[in-house]
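S.K.: Okay, here's the prediction I keep looking at, along with the sequence it came from:
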Amino acid sequence: MSKTNTVIGTLVSILETESGESKAGKSWTSRSFIIETDAEWNNTICFKLFGEEKSQMIEAFEVGATLEVAFNVSSREYNGKYYHNIDAWQINEVGAQSMDEMAEDEFSKKPILDEDVPF
């Protein structure tokens, strides 16, 4: 059984979008971003977002935001060496409410007055 990998840190940089074409002739897009955690050692992590839709996820956040990032780690071998990816698949701002939570809050704050009722 595996757990979801998550980490919380401060967004320090959003790198430029990269794109290219695979050997099979399919185009691809990726974007990397960097966060710093409060860990004493190895506190800088570079995540990759692969695909056009995922690459745009990071645009919703500004440098300095505190983010919680859900990710997968993968490794692949090429010519006897191993290369690693840290692929982000979900990003949430820590302390930020989701759109559904904000809508619920607004609904619960609005008082219901007798004159608003049609009967």
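M.R.: Here it is on my side, so go on. Numbers count the residues shown, from 1 in each chain.
S.K.: Not counting its own residues, what contacts stretch 6-18?
M.R.: With contact meaning CB atoms under 8 Å, 6 or more residues apart in numbering, stretch 6-18 is reached by 29-38, 43-45, 55, 58-59, 61-71, 94. C-beta: built from backbone N, CA, C; applies to glycine.
S.K.: Next, A24: secondary structure please.
M.R.: Three-state call for A24 (DSSP: H, G, I helix; E, B strand; the rest coil): coil.
S.K.: Would you enumerate the residues in contact with V94?
M.R.: Taking CB under 8 Å, 6+ apart as the test, what V94 contacts is I8, T66, L67, E68.
S.K.: now the one helix or strand A88 maps to: mean pLDDT?
M.R.: In this structure, A88 sits in strand 81-93 according to DSSP states H and E. For strand 81-93, the mean per-residue pLDDT is 94.
S.K.: Quick check: bridge partners of the residue nearest the centre of the chain?
M.R.: Nearest residue to the geometric centre of the chain (CA atoms, centre = their mean): I91, 2.4 Å. For I91, the beta-bridge partners are V69 (DSSP bridges).
S.K.: quick one: it and L67, what's the gap?
M.R.: 6 Å (CB to CB, to the nearest Å).
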